[in-house]
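Q: 3D, please:
(4 chains)
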Number of protein chains: 4
Amino acid sequence: MLIVMKADATEAQIAHVCDVITELGFKPHAMPGATRTAIGVTGNQGAVDPTRFENLPGVADAIRVSKPYKLISLDLRPEKTIVRVGDATIGGDELAIIAGPCAIESHAQAFAVAETVRRSGARFFRGGAFKPRTSPYAFQGLGEEGLKILAEVREAYGLKIVTEALDENSVDLVERYGDMIQIGARNMQNFSLLRRVGRSTLPVLLKRGLSATLDEWLLAAEYIMSEGNYQVVLCERGVRTFAQHTRNTLDLASIPAVRRISHLPVIVDPSHGTGKNYMVIPLACAGVAVGADGLIVEVHDQPEKALSDGAQALTLEQYDQLIQEVRPIHEVVAPQPVA
Amino acid sequence: MLIVMKADATEAQIAHVCDVITELGFKPHAMPGATRTAIGVTGNQGAVDPTRFENLPGVADAIRVSKPYKLISLDLRPEKTIVRVGDATIGGDELAIIAGPCAIESHAQAFAVAETVRRSGARFFRGGAFKPRTSPYAFQGLGEEGLKILAEVREAYGLKIVTEALDENSVDLVERYGDMIQIGARNMQNFSLLRRVGRSTLPVLLKRGLSATLDEWLLAAEYIMSEGNYQVVLCERGVRTFAQHTRNTLDLASIPAVRRISHLPVIVDPSHGTGKNYMVIPLACAGVAVGADGLIVEVHDQPEKALSDGAQALTLEQYDQLIQEVRPIHEVVAPQPVA
Amino acid sequence: MLIVMKADATEAQIAHVCDVITELGFKPHAMPGATRTAIGVTGNQGAVDPTRFENLPGVADAIRVSKPYKLISLDLRPEKTIVRVGDATIGGDELAIIAGPCAIESHAQAFAVAETVRRSGARFFRGGAFKPRTSPYAFQGLGEEGLKILAEVREAYGLKIVTEALDENSVDLVERYGDMIQIGARNMQNFSLLRRVGRSTLPVLLKRGLSATLDEWLLAAEYIMSEGNYQVVLCERGVRTFAQHTRNTLDLASIPAVRRISHLPVIVDPSHGTGKNYMVIPLACAGVAVGADGLIVEVHDQPEKALSDGAQALTLEQYDQLIQEVRPIHEVVAPQPVA
Amino acid sequence: MLIVMKADATEAQIAHVCDVITELGFKPHAMPGATRTAIGVTGNQGAVDPTRFENLPGVADAIRVSKPYKLISLDLRPEKTIVRVGDATIGGDELAIIAGPCAIESHAQAFAVAETVRRSGARFFRGGAFKPRTSPYAFQGLGEEGLKILAEVREAYGLKIVTEALDENSVDLVERYGDMIQIGARNMQNFSLLRRVGRSTLPVLLKRGLSATLDEWLLAAEYIMSEGNYQVVLCERGVRTFAQHTRNTLDLASIPAVRRISHLPVIVDPSHGTGKNYMVIPLACAGVAVGADGLIVEVHDQPEKALSDGAQALTLEQYDQLIQEVRPIHEVVAPQPVA
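A: The predicted structure is shown next:
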């Protein structure tokens, strides 16, 4: 924490700020400068809330220095985490591919897509049984019936099942049928849900919120880990900006940014990250090139009839093309050094 | 829905799009233009998902025209809704004031603030018992103990209690102790929670999400109403933008925008909407001047010792000043006509 | 400047950073903390570029503390600036009203609007002769002919003329015909243009850029003042965000934010700030309530035939209504104290 | 253009809108729907301004359909443009590399960097002689002296010189000494400058504005082309968002978005696009993988002593590494099909 005094702050005001710091059990370091005095604060174990100081007389600004996360950080664990889902991994040398339809619509649809996903060499199958939809009148997913279809896909193809939970009740169901719990962007700061999956034995795929800062995203992972579940994979899925040529703006710089701070694996979602079918393959290539540990993509056997998000789903042919394009890029990309 | 064909779209492609529209049970209206053909879609009762058309051959763009909401709209109910909480109202002629600390910290704190709030003529007391905090290590609220203090405030001062619920369990508790359930910005698209409060008999204060569009916010209200609870108050509390001189950017234009579409009351939160103590009064004045039905503000008897959000809380003196400044503005503001 | 070292930074790395600071002629203040060391930098007259330190070994972050502006700041001039345009003022007790059409289209149009503006008691007339249009094929203004019409308006009605200059050539012309030079949002960082108007004897109305931070906006004013022209009025006109219910998001919190740092007057543009006719009056009321020194609004005698920005222009009747609504608010608003 | 009437619009209001459309010389197509009537507008050659209709009685919304650009579009020119700068090209099969320091600081600095750039096989050298700086007190570039150094670099190494012009005067100078004129992000809508370079014989590198939409960026190119200069290269350099872990958010989806509409080449600037040294290489890899025609990167022989933007400049060694990493990706990336 650094407190910057106003240019015309009096000696008494500076002394008062130092007293407040001392009262809180910290140590003040006054640094008189050419135009104004700054006061460093040390002795705190975690982050100090800057707002306590902002309104004291003579204070111009209070700047947070320490970061409020611990478990997610490289300070705590310098080597990268490899999340294991049975014999499949995310965060290791292999590029993790999670593919499947936005929503599970029927046994036929799920199996048609899973067949292609399996043949491509991917290890993970995605598909929503509970869909968080902006409108209450839109298709909300098949619920438990969808989860049962997913369990049959696992049985038939050996794919690991990644599926979203929306609340405590659906976490219970996903734990019964699935292999990895997805927390969607709209629930990234649903702290009750984060704590609940923090007590699960399944690994968690944590999507970045629509307008989440890097710190908020990492702290959402910290919520999960603080309950004891260390198997967390981060997923960049685009953020909301003024730009209207995509549904979201895919922020690929978040991949090296996460790498510099955290040991957790991070993957890219080019489907939600763009919302446009024709952009999925080029942005998937970019995601692999920037150093992501994997991709999650939407695939549908009949995208024009999809009950949700049809415009961004790849056809089976396009999905095959994606795999053919990203694999050679993954091979030539130098592994990102841990900071 | 309007589908815009590419300049070089063939007759066959245009015919195919018309066929797809017909197959879906709608009616196509092809309009050949100077440079390209557009195809109108009618016959749909609600909104058609544009993404079904975006990838058809020859299609340049698909533009949504109908809006997906019903219950919140002036089409359905042309006169303004007045939400009643006992003998207090939001949405009527009186300016509704909801004031109190960010979090309930102690009996002494709550009563010190409530005393001032009551004396000011305000009818509502706010205070969090369950706090959604970005960090798992920050103060998370007193829980049920906080709710009991709130119930005592109601008993002692006759103020109506507005307090946040984070999940189904806390809704049960708020229903027991409070008068109005607040849904926070981070939960605006927690659809399970929205459905739950839609089945409550208490009115709901629905905060706008951090990056919610107008439509998403109104559809969140639609979720609540679609379960049968029509007592919903919207709350503008600032959105996330690039600007760093405030914690959020208070989007006061959302007030007339809501008025033009919806019969629901809408209030302004200048505390979270700015995050800066010195901005709360001027932005509260602006909120009243723009035509809001009320204000929700954070007040603390000792802001410098607040366990959360101290920097934005008003002192008791500042709160009194706010009331003195906003009342005369409310008197001179012409009532906003319903569109 | 504060440099935050990594948790595992070595003594040698800390010493090296201190050496670099000393080499640059500044003074390092190392503050060992519980988890990491921070190093304060003093002795600098202006801002130090943090990027010089960010890549040194062991450095986690470098945080700028001093602000890079001087002339615009209350540190330099504690009393508010009143900009004088003949006998009219902006920044004094009177609410400054600048009204007129987006673009000057004809003598008849300008006079029809000016008649109403004059009768309302406003002192300033706006109207564009040079229009910065997104498309090269849109109406670009009447040029010098438009300026001549503006000069006739001044002659006939005694209104002060505020009009935009786009480049050095148009500054010359505005100086010949006008009373105040407007710098548009798209030119807020056209530094050659800023320097040119900084050498003018006319006052300057400086609109905030579409995505300008507070600092960038203030530094644009600093550019003008650094050339010797201290007669600068700032204008909040909305910024670009994800929100689509308005053309721009009017950031009224920028008014108290400017007040806290600068002595310059600041006005609000509710026309561009919303882009919607029906929002102009409520947002004008909000702008006055938040403490702005004035308003700039678009008025047209026949908005439906306007050659640019017709949707946001007020009719003559609506303009009269605006004046009737904002004046009583201005009377009851307490003057904002200088910070 | 599509005009959507309100649900309760009267027949007379619908007829009036149709009349206005007819008066303007266009053709109305009324389409009565289940809940409301929409009116299509055809017969317009270019875009119709929707704002003319938004305030007519009974109108709910007016939606623009036609795009306002011509020359930049694939409709006009279906094959991709290859910009030629002497014997070097941008937009062909070869990956174009433009590298050099942010600002030209001295002969020694320029030559040290140019030596490395030349040896890497790059064909273009960048370096600013006129620097647009946020603060008037920051280093503004060497001016014509800097251009002379650049001309010597061309002489010595055969590299093509890409350098920024800020105003008409500096365009004259860049035309004398350089090979390609750069228009910076802050000047993307400096329409006088765009027209001026539209009359130049040199090709133009047009950076995307800080908050420019895709349409605004393409229309800025249209400004240049409408004056006769068809040699335009677009450059994605990041946009301003809420995210603070980078200086800008690099929007790589803009590359396929441009491809789908325009024949112009488009390159990526990972230096300004991130503002962080450690992110430049991964984002350069992503830019190549997404299908960009080239890269522009900042390189400095002594970044820690750079007079501007030191934190993002690559060292000579890092630059060599970048080239080694991006070339194999370029080789495996499938050429993007023209839409």
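Q: tell me the SS of A:Thr246?
A: Here A:Thr246 is recorded as coil under DSSP: H, G, I helix; E, B strand; the rest coil.
Q: wait, it sits on D:Ala257?
A: Yes - the criterion here is Cβ atoms under 8 Å, and A:Thr246 meets it with D:Ala257 at 7.2 Å. All C-beta spots, glycine's among them, are computed from the backbone N, C-alpha and C.
Q: if I look at the two, which residues touch both of them?
A: With Cβ atoms under 8 Å, 6 or more residues apart in numbering or on different chains applied, the overlap between the contact sets of A:Thr246 and D:Ala257 consists of A:Met279.
Q: can you list the weak-confidence ranges in chain A?
A: By pLDDT under 70, the weakly predicted segments of chain A are A:34, A:44-48, A:65, A:334-339.
Q: quick one, helices of it?
A: Along chain A, the segments classed as helices by DSSP state H run A:11-23, A:51-54, A:107-119, A:144-157, A:168-177, A:191-198, A:214-226, A:254-261, A:277-289, A:316-332.
Q: what about A:Asn117, how many neighbours?
A: For residue A:117 the amino acid is Val, not Asn. A total of 27 residues lie near A:Val117 under the criterion other Cβ atoms under 10 Å in any protein chain shown.
Q: For it, which non-adjacent residue is closest in space?
A: A:Ala99 (4.6 Å; Cβ to Cβ, 6 or more residues apart in numbering or on different chains).
Q: do A:Ile21 as well
A: Counting by Cβ to Cβ, 6+ apart, A:Pro28 is the residue found nearest to A:Ile21 once chain neighbours are left out, at 4.1 Å.
Q: Double-check the one you found against A:Ile14; I have them as touching.
A: No - here A:Pro28 lies out of contact with A:Ile14, judged by Cβ under 8 Å, at a distance of 9.2 Å.
Q: What residues does the residue in the stretch 201-339 of chain A that chain B sits nearest to make contact with?
A: Ranking the residues of the stretch 201-339 of chain A by distance to chain B (Cβ to the nearest Cβ) places A:Ala311 first, at 2.9 Å. By Cβ under 8 Å, 6+ apart, the residues touching A:Ala311 are A:275-277, A:303, B:50-52, B:54-55.
Q: Identify the residue spatially nearest to A:Ala289, adjacent ones excluded.
A: Using Cβ to Cβ, 6+ apart and skipping the chain neighbours, the partner closest in space to A:Ala289 is D:Ala289 (3.5 Å).
Q: For the one you found, give its distance to A:Thr42.
A: With distances taken as Cβ to Cβ, to the nearest Å, D:Ala289 is found 44 Å from A:Thr42.
Q: now A:Arg118, nearest residue through space, not along the chain?
A: In space, not counting the residues next to it along the chain, A:Arg118 is nearest to A:Tyr157; the distance is 4.3 Å by Cβ to Cβ, 6+ apart.
Q: That neighbour touches A:Ser120, doesn't it?
A: No - look at A:Tyr157 against A:Ser120 with Cβ under 8 Å: they stay out of range, at 11.3 Å.
Q: Reformat the helices of chain A as CSV; add distance to D:Val85.
A: Rendered in CSV, the data for the helices of chain A read as follows (distance: least, Cβ to Cβ, whole Å):
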stretch, distance to D:Val85
helix A:11-23, 58
helix A:51-54, 53
helix A:107-119, 45
helix A:144-157, 53
helix A:168-177, 57
helix A:191-198, 53
helix A:214-226, 39
helix A:254-261, 32
helix A:277-289, 26
helix A:316-332, 29
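Q: Could you say which of those is packed most deeply?
A: For the helices of chain A, ranked by mean neighbour count under the definition mean count of other Cβ atoms under 10 Å in any protein chain shown, the leader is helix A:277-289 at a mean of 28.
Q: Which elements pack onto that helix?
A: With contacts defined as 3 or more Cβ pairs under 8 Å, 6 or more residues apart in numbering or on different chains; DSSP states H and E, helix A:277-289 has these neighbours: strand A:266-268, strand A:294-298, helix A:316-332, helix D:254-261, helix D:277-289.
Q: ok so, going back, mind listing the shared neighbours of A:Pro28 and A:Ile14?
A: Counting by Cβ under 8 Å, 6+ apart, the shared contacts of A:Pro28 and A:Ile14 are A:Ile39.
Q: List the contacts of the residue in the stretch 51-200 of chain A that chain C sits nearest to.
A: Across the stretch 51-200 of chain A, the shortest distance to chain C (Cβ to the nearest Cβ) belongs to A:Asp75, at 4.6 Å. Contacts were defined as Cβ under 8 Å, 6+ apart; by that measure A:Asp75 touches C:6-8, C:35.
Q: And stretch A:216-234, how far out from the chain middle?
A: Distance of stretch A:216-234 from the chain centroid (Cα atoms, centre = their mean, to the nearest Å) equals 10 Å.
Q: Around chain C, which positions in chain A sit nearby?
A: A:2, A:4, A:6-8, A:29, A:31-36, A:38, A:40, A:42-45, A:61, A:63, A:65-66, A:75, A:211, A:240-242, A:244 (Cβ under 8 Å from any Cβ of the partner chain).
Q: out of those residues, which are buried?
A: Using 16 or more other Cβ atoms under 10 Å in any protein chain shown as the burial test, these include A:2, A:4, A:6-7, A:29, A:31, A:33, A:36, A:38, A:40, A:42-44, A:65-66, A:75, A:211, A:240-242 as buried.
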